[in-house]
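Student: Structure of the sequence below:
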Amino acid sequence: MRFVSPLALGLLLTVTGVAVVGASPAIAAKKEKAPKQNFSDGFRTPASELQKAITDKDFEAAKTKLAAAEAAAKTPDDIYTLHLLRLQLGIGLNDNAMQRAGVEGMLASGASPASEAPKYHFYAGQFALNADDVDAAISHLQQAVDGGFPGSAPHVLLAEAYFKKATATAKGNQLTPDGKAAVQAGLPHLKQGVEIEKSEGKAVPASWYERGFQLAYLAGLPEASDWAMMTVDADPNAKNWRNLLRGYQDTHRALTKAENLDLMRLMRVTGALESEHDYSEYAEAAVSSGLPGEAKAVIDEGRSKTKIGPARLSEIYGIANSRIAGDKASLPAGARDAAKAANGKVASSTADAYLGYGEYAKAAELYKLALQKGSVDANEINTRLGIALARSGDLPGAKAAFEKVTAGARQDIAKFWLTWLGKQQG
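Tutor: Next up is the predicted model:
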């Protein structure tokens, strides 16, 4: 993943506080305005010759001159200037290793201006990261962050350095404990980078969110759900919805059948059902919940989309199909009984059946009755009322219903539906 552009000539042009020795009158004048620098006598001539060769783009000669200047460098100012010239030569040669050595040498010289250190550490960190020297990259980039180097880039690159450290130690698809710790160290920096981009009114690349989700998921961290949600918010395509909802299932193994069914209903709406396993899981949950019409509809949909073969899931399909006629015939009586019942349980179960057949307006009417009569799980009923209203096109009503879901996994499921609603409203 690429976060920022490679180091280019702009770095050279923004280097400050350097007096270049033995050069033209214009450069000499610049030197007079700079703080007094202590160059050794033996360094001035080879450094001047090196600078001239670089200016003339005689890079082969400059390599020889570099060795001579290096042998003569004694004082901190000598060493700093030597490495600045090394950096310039590296830029001319497009030699990243030489550029990195130049920047790191400037930092280590003892003469590097303190005000420039965060910038030098940032570029040194980028060079180290590109060379897969992740420990050096982490050290440099952390110092760039601590020194206040601006923008999102130091944070995002520091996060990536930690992520590379994590994946480099992986065993198969499993991160080691140290790898997980590295992911935990990197995620806050990636999030900080996201926040900086947003604060500057910039569009955050969707790949940043995807990277956060991938690493948090591999590390088994609860933050994976948050990153998946950010990914969906940035780009609500079927793949991202699948990552969010399947990831939630994986980290919430205690979901009830009813909770999981409402999650899979959202997978269906968002196009996140992908495999035969997905359709089988959904259909089995529907049949075992007394919703044969929904089970049949889901399998029909999977077959029409060629996600499952025409003869696949035939057993569960046959069971569902055989129950539909009798089930449908019972619904009018169920609705009448619901109106006369002392509590909302009959209204709730009848509403579930209507929801399964796609009769959303009737389902919503009965869910409201169930809430009115009471003795039902209000979080479950409001979730399903929200689904019925959303599918019927009453988005404001659905939003109001989902917002009344306030506890446990149901609250998370309602939050996912609310996210989907927000995307429908524009």
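
Student: and residue 314, how many residues sit next to it?
Tutor: 12 (other Cβ atoms under 10 Å). Bear in mind the C-beta positions are built from the backbone N, C-alpha and C, glycine included.

Student: cool, and residue 420?
Tutor: 18.

Student: domains for this protein, by residue range?
Tutor: The record's domain parsing of the chain by automatic domain parsing lists 17-112, 238-424.

Student: ok, of those, where does mean pLDDT dip lowest?
Tutor: Out of these, domain 17-112 stands lowest, with a mean of 82 (criterion: mean pLDDT).

Student: Okay, buried residues for stretch 233-247 please.
Tutor: For stretch 233-247, burial by neighbour count (16 or more other Cβ atoms under 10 Å) applies to 233, 234, 236, 240, 241, 242, 243, 244, 245, 246, 247.

Student: My error: substitute stretch 147-163 in the last question.
Tutor: Using 16+ other Cβ under 10 Å as the test for burial, stretch 147-163 gives 147, 149, 152-163.

Student: now do stretch 51-59
Tutor: By 16+ other Cβ under 10 Å, the buried positions in stretch 51-59 come out as 51, 52, 53, 54.

Student: what does stretch 180-200 give?
Tutor: For stretch 180-200, by 16+ other Cβ under 10 Å, it's 180, 182-187, 189-194, 196-197.

Student: Quick one: mean pLDDT over that stretch.
Tutor: For stretch 180-200, the per-residue pLDDT averages 97.

Student: Show residues contacting that stretch.
Tutor: Here stretch 180-200 makes contact (Cβ atoms under 8 Å, 6 or more residues apart in numbering) with 3, 145, 151-153, 155-156, 158-163, 165-166, 169, 175, 203-204, 208-209, 211-212, 215-216, 218-221, 223, 227, 230.

Student: tell me what the helix of greatest length in the chain is packed against?
Tutor: When the chain is scanned for its longest helix (criterion: DSSP state H), the result is helix 314-340. Packing partners of helix 314-340 (3 or more Cβ pairs under 8 Å, 6 or more residues apart in numbering; DSSP states H and E): helix 276-288, helix 292-304, helix 345-356, helix 360-373.

Student: and which of the buried residues of stretch 233-247 is nearest residue 334?
Tutor: residue 245 (30.7 Å; Cβ to Cβ).

Student: Just the element for the closest one, please.
Tutor: Using DSSP states H and E, residue 245 maps to helix 238-251.

Student: for residue 126, same thing?
Tutor: For residue 126, the host element (DSSP H and E) is helix 117-130.

Student: which is the next helix or strand following that helix?
Tutor: Counting by DSSP H and E, the next helix or strand C-terminal to helix 117-130 is helix 134-146.

Student: any idea of the angle that following helix forms with helix 117-130?
Tutor: 150 degrees (axes from the mean of the first three to the mean of the last three Cα atoms, to 10 degrees).

Student: distance of the residue nearest to the spatial centre of the chain from residue 354?
Tutor: Nearest to the mean C-alpha position of the chain, by Cα atoms, centre = their mean, lies residue 209 at 1.7 Å. Going from residue 209 to residue 354 by Cβ to Cβ, to the nearest Å gives 38 Å.

Student: residues contacting the residue nearest to residue 412 when sequence neighbours are not counted?
Tutor: Once flanking residues are discounted, residue 412 sits nearest to residue 248: 6.8 Å by Cβ to Cβ, 6 or more residues apart in numbering. Taking Cβ under 8 Å, 6+ apart, we find residue 248 in contact with 225, 228, 263, 412, 416.

Student: related to what we said a few turns ago, tell me which of the helices and strands packed on helix 314-340 approaches residue 45 most closely.
Tutor: Per Cβ to Cβ, nearest to residue 45 of the helices and strands packed on helix 314-340: helix 276-288, 74.6 Å.

Student: returning to that earlier point: helix or strand for the residue nearest to the centre of the chain, just tell me which one.
Tutor: Short version: residue 209 belongs to helix 206-218, going by DSSP H and E.

Student: Contacts only, for residue 253.
Tutor: For residue 253, counting by Cβ under 8 Å, 6+ apart, there are no contacting residues.

Student: and it, which of the three is it?
Tutor: coil (DSSP: H, G, I helix; E, B strand; the rest coil).

Student: and residue 189, what helix or strand is that in?
Tutor: Residue 189 belongs to helix 177-199, assigned by DSSP H and E.

Student: and if you look at residue 221?
Tutor: Residue 221 belongs to no helix or strand, assigned by DSSP H and E.

Student: pLDDT at it, what is it?
Tutor: 90.

Student: count of neighbours near it?
Tutor: If we define neighbours as other Cβ under 10 Å, then residue 221 has 17 of them.

Student: can you tell me how far it sits from residue 163?
Tutor: Per Cβ to Cβ, residue 221 is found 13 Å from residue 163.

Student: How about residue 380?
Tutor: Separation of residue 380 from residue 163 (Cβ to Cβ): 39 Å.

Student: Without its sequence neighbours, what residue ends up closest to residue 405?
Tutor: Nearest one to residue 405, counting by Cβ to Cβ, 6+ apart, is residue 414 at 3.7 Å.

Student: ok, now which ones touch the one you found?
Tutor: So residue 414 contacts 382, 383, 386, 402, 403, 405 (Cβ under 8 Å, 6+ apart).

Student: How many neighbouring residues does the fifth one have?
Tutor: This points to residue 403. Residue 403 has 14 nearby residues by other Cβ under 10 Å.

Student: what sits up against the helix holding residue 126?
Tutor: 4, 6-7, 11, 14, 96-97, 99-100, 103-104, 106-107, 112, 134, 136-141, 143-144, 146-149, 153-154, 157-158, 160-161, 164.

Student: before we move on, what about stretch 385-393?
Tutor: 262, 265, 269, 351, 355, 358, 360-361, 363-364, 367-368, 371, 395, 397-399, 401-402, 405, 414, 417, 420-421, 424.

Student: If any of those residues are buried, give me the PyMOL selection for them.
Tutor: Command for PyMOL that selects the buried part of the contacts of stretch 385-393, burial taken from 16+ other Cβ under 10 Å:
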select buried, resi 262+265+269+351+355+360+363+364+367+368+371+397+398+399+401+402+405+414+417+420+421
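
Student: Can you list the buried residues in the helix or strand where the residue nearest to residue 405 lies?
Tutor: Assigning secondary structure by DSSP H and E places residue 414 in helix 408-424. Using 16+ other Cβ under 10 Å as the test for burial, helix 408-424 gives 409, 410, 412, 413, 414, 416, 417, 418, 419, 420, 421.
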